[in-house]
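J.: Pasting the sequence and the predicted model now:
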Amino acid sequence: MKRLFLVFALIGSPLFAVNPDEVLQDPALEARARAISQELRCVVCRGENIDESNAGVARDLRLLVRERLLEGDTDQAVVDYVAERYGEYVLMTPNRDGANLVLWAAGPVLFLIALIGGVLYMRRRARTGEGGDALSDKEQARLEAILKK
Amino acid sequence: MITEVGHFALILALGVALVQVVIPLIGAHKGWQGWMALAVPAAVLQFLLVAGAFAALTHAFVTSDFSLRLVVLNSHSLKPMLYKVTGVWGNHEGSMLLWVLIVALFGAMAAVFGGGLPPSLRARVLAVQAAIGAAFLSFSLFTSNPFLRLAQPPFDGQGLNPLLQDIGLAFHPPFLYLGYVGLSMAFSFAVAALIEGRVDAAWARWVRPWTLAAWIFLTVGIALGAWWAYYELGWGGFWFWDPVENASFMPWLFSAALLHSAIVVEKRESLKSWTVLLAILGFGFSLIGTFITRSGIVTSVHAFSSDPTRGVFILGILAAFVGGALVLFAFRGRSMEARGVFAMISRESGLLLNNILLAVSSLVVFIGTIWPLVAEMFFDRKLSVGAPYFEAAFTPFMVVLAIVLPIGAMLPWKRARLGRTMRPLWGAAVLALSVGVLVWAVGTGRSALAPVGIALGIWLIAGAFTDLWLRTGRGPFKGRAARLRKLPRADWGKALAHSGLGITFIGISGLLAWQVEDIRVAQVGESFTVAGYEVTLEGVSREQGPNFISTKAEMRVVRDGRELVRLYPEKRVYPVEGMPTTEAAIANGLWRDIYLVIGDPQEGGGWAVRTFIKPFANWIWAGCIIMAFGGLISLTDRRYRVAAGAARARPVTKPAAKGVPAQ
């Protein structure tokens, strides 16, 4: 039960995530910092990025991100910097390499398989049904003529 | 005393459920009417017993009986009465009891209203439903008994998590459970049909209302959860692609697919084995959702009580039911020969595409949810799959779905011509495209999200109503308008549900693309401007609530010199639970929400204040409600009642000969 409280304490404490004192002067740089923050996971929370999280660690990471940006790092360099220190776990977008390719390819591949399966099924059904009760083009034309009257 | 009676009733219910599994199954196999008929009173009795147990637990919560372990852990004498009651299911043990109650309730409803079903099918459906009930009753009794007593009761309880003391979250779980468990009915029907060896239009007519009801409950439950997150978490996020959210979303997608494919079985007697498979998978994903939530195996912000024994138990239930059903399907699925024939372009193929998109997108969500586990177990990589993955991998399916939906919904059965179906839809397409281009032109050009999302939303809405209008036939406007009101409710339900989806599309894309955020330190009396709204922090006071202490700010919002609204955002601390919560103050509007949050006092004086302008936020929930309402209207369609009557006549005209071939 205690753990449940802890978990909820992490997501629900009222200090809102980004505090006024963290915000950078330069709006363009701040916007980049916010975008990067959404790509980084709060390591002690469950499923929250550091931009949303109220945890202390998340605040430290947000400050670190802003520090790196002020140093003149590119967005990718900042993300890499953090990932190097905290591991792949902090990345909200999983890397597209190694076994993760399965994860990234899953959607399109499954869709293709399902689509091919569906088309094959329909062709089989259409063939078994030919000459059945489907209308030929001539009958179709006649039906339309009747309906138009 | 009442507690012990409740405990005993729960144990008796398990006994009744076991009888309800065995006797009717044997009866249906041997063709013994009496044994089959036993399922009906057993289902009702099982429900009454579980309801008694649930009432006993509620009684303990309402009277704050602190000799009960569960009440001590989750209640407090100072808590408002409403949350004493909702506290019954605001915890693992109580929510499992609610789950079991709903399983038994649906079983009893199928028993009472299932008079029109062939007796052997009804007996088998109730037996399978009782098997699910028995599995979860033993789960409840053996691993998470809500009726455990304490030898030394304390003076007061430890309180309920303050986040759960909220009207949105209080009713979020019951709706989700009604949805999850509603899918158990579809599952029971599917397994019974596999045992029976027969799936026909009458079967589909029985499965569809259950699936539709489950889908409605899931829609409402998910919307309540999203709405709660929006106003409670203090920054207006509404969907996190968190494992537990995904756990409710996957069954939603599957139930949406199932209720569409059941239409094909009902109307055209095609896609039978596919529909049975969907019914099995839909409930399977409900069980997977339960497993994810209860086992804590995938870390999540919601993870309720992580306990390995419970996880293993649910995994066992999952394996037994879904595994068993799939094996049965492998043996019997092929025997369900389809009758209806259809061409490559037809309503049937449109619905098949709908099913492919929904099922594949649901599987993508599933893979994304369990991938961290797979990667850690098999590839020794500790990684996260967060929102950006789901947005990239899931959204395209929804875009394709929205593009094809209005066309597919208007294709005639059996054989269609795309050009002819498109003809009345060109108006909707042009409208959607021009609004999209307009949004693109006036927008900041930053992202394609708003133009595409809004164009798709309008396409869905306009397409749905074009369809509805065409159903009124030909003739003068007045006659058609009159006929509009007399259309079958299913037609209205379809139009409303589809346009609700469009409204949600507009809401999500408008909110994400155009939200404005402002974070600052404000002194009392200070004004600042956010997106044309002048916000003034008028004052901050401390107030005492029933079981919390609140820091309450008064803020005034002015636009064009006119006062729009005064808002009172709060920050509460619940001393019993030792936890703070944010109560954002929101001025709801059709076009935008003004969303204010008060934070901590700052060192140099003043308060941290966060202001959001959230365009179209209410469209998200409104769309969900309209979708659910469309489902409800469809559920009340006369045809279901007529169908029930027709099915009642059936067993008389077609005696046992057709019911037996399974043997």
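T.: Yep, it's here.
J.: ok, the residue nearest to the spatial centre of chain B - contacts?
T.: Nearest to the centroid of the C-alpha atoms of chain B, with distances taken as Cα atoms, centre = their mean, sits B:L218, at 1.6 Å. With contact taken as Cβ atoms under 8 Å, 6 or more residues apart in numbering or on different chains, B:L218 is in contact with B:175-176, B:179-180, B:182, B:248, B:251-252, B:255. Any C-beta I mention is one placed from the backbone N, CA and C, and that applies to glycine too.
J.: Pull up the gap between it and A:E22, please.
T.: Using Cβ to Cβ, to the nearest Å, B:L218 is found at 39 Å from A:E22.
J.: Can you classify B:L537 by secondary structure?
T.: strand (DSSP: H, G, I helix; E, B strand; the rest coil).
J.: ok, what's across the strand from it?
T.: Assessed by DSSP bridges, B:L537 has beta-bridge partners B:M555.
J.: can you give me the helices in the stretch 551-663 of chain B?
T.: According to DSSP state H, counting those that start in this stretch, the stretch 551-663 of chain B carries its helices in the segments B:617-635, B:638-653.
J.: which stretch in those helices has the least confidence?
T.: Among the helices of the stretch 551-663 of chain B, helix B:638-653 carries the lowest mean pLDDT, a mean of 48.
J.: which among the contacts of B:L218 gets closest to chain A?
T.: Proximity of the contacts of B:L218 to chain A, judged by Cβ to the nearest Cβ, is greatest for B:S248, which lies at 14.5 Å.
J.: Residue of the stretch 201-350 of chain B closest to chain A, please.
T.: Each residue of the stretch 201-350 of chain B has a distance to chain A, by Cβ to the nearest Cβ, and the smallest belongs to B:V341, at 2.8 Å.
J.: That residue contacts B:W413, doesn't it?
T.: No - counting by Cβ atoms under 8 Å, B:W413 is not a contact partner of B:V341; they are 10.5 Å apart.
J.: Comparing these two, which residue is more hemmed in?
T.: Neighbours were tallied for B:V341 and for B:W413 using other Cβ atoms under 10 Å in any protein chain shown; the higher tally belongs to B:V341 (21 against 17).
J.: separation between the residue of the stretch 201-350 of chain B closest to chain A and B:V385?
T.: Remark: distance between B:V341 and B:V385 (Cβ to Cβ) = 42 Å.
J.: Just the mean pLDDT for stretch B:583-596, thanks.
T.: 89.
J.: Show me the contact partners of that stretch.
T.: Contact with stretch B:583-596 is made by B:231-232, B:234, B:236, B:533, B:535, B:550, B:553, B:555, B:557, B:564-565, B:567-572, B:597, B:609-618, as judged by Cβ under 8 Å, 6+ apart.
J.: ok, now stretch B:81-88?
T.: Identification of contacts with stretch B:81-88 by Cβ under 8 Å, 6+ apart yields B:54, B:57-58, B:61-62, B:64, B:74-75, B:79, B:90, B:94, B:97-98, B:160, B:164-165, B:167, B:170-171.
J.: now the spatially most central residue of chain A, nearest residue through space, not along the chain?
T.: Centroid-nearest residue in chain A: A:T93, 7.1 Å away (criterion: Cα atoms, centre = their mean). Distances taken as Cβ to Cβ, 6 or more residues apart in numbering or on different chains place B:P388 nearest to A:T93, at 4.1 Å, with adjacent residues excluded.
J.: give the contact list for B:F147.
T.: Under the criterion of Cβ under 8 Å, 6+ apart, the neighbours of B:F147 are B:3-4, B:6-7, B:10, B:53, B:56-57, B:68, B:70.
J.: on that earlier part again, dihedrals phi and psi, the residue nearest to the centre of chain A?
T.: As for A:T93, its main-chain torsions (degrees, to the nearest 10) stand at phi -100, psi 110.
J.: Could you check which helix or strand contains the closest residue to B:W274 other than its chain neighbours?
T.: Leaving aside its chain neighbours, B:W274 sits nearest to B:S261 (6.0 Å; criterion: Cβ to Cβ, 6+ apart). Using DSSP states H and E, the secondary-structure element containing B:S261 is helix B:243-268.
J.: Give the next helix or strand downstream of that helix.
T.: Using DSSP H and E, the helix or strand that directly follows helix B:243-268 along the chain is helix B:272-295.
J.: The helix or strand following that following helix near chain A at all?
T.: Under the assignment DSSP H and E, the closest C-terminal helix or strand after helix B:272-295 is helix B:308-318. No - taking Cβ under 8 Å from any Cβ of the partner chain as the criterion, helix B:308-318 and chain A are apart, separated by no less than 13.3 Å.
J.: what sits up against helix B:308-318?
T.: B:92, B:135-136, B:139, B:142-144, B:284, B:287-288, B:290-291, B:294-297.
J.: Show me how to select, in PyMOL, the buried members of these.
T.: A single PyMOL command suffices to select whichever of those are buried according to 16 or more other Cβ atoms under 10 Å in any protein chain shown:
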select buried, chain B and resi 92+135+136+139+143+144+284+287+288+290+291+294+295+296+297
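J.: what residue ranges in chain B are flagged as low confidence?
T.: In the predicted model of chain B, residues B:295-308, B:337-339, B:444-446, B:638-663 satisfy pLDDT under 70.
J.: Show me how it divides into domains.
T.: For chain B, automatic domain parsing gives the domain ranges B:391-515, B:517-618.
J.: I'd assumed the residue nearest to A:T93 was in a helix, is it?
T.: Yes - with three-state DSSP as the criterion, B:P388 is part of a helix.
J.: For it, give me its contacts.
T.: Shown in contact with B:P388 (Cβ under 8 Å, 6+ apart): A:38-39, A:92-93.
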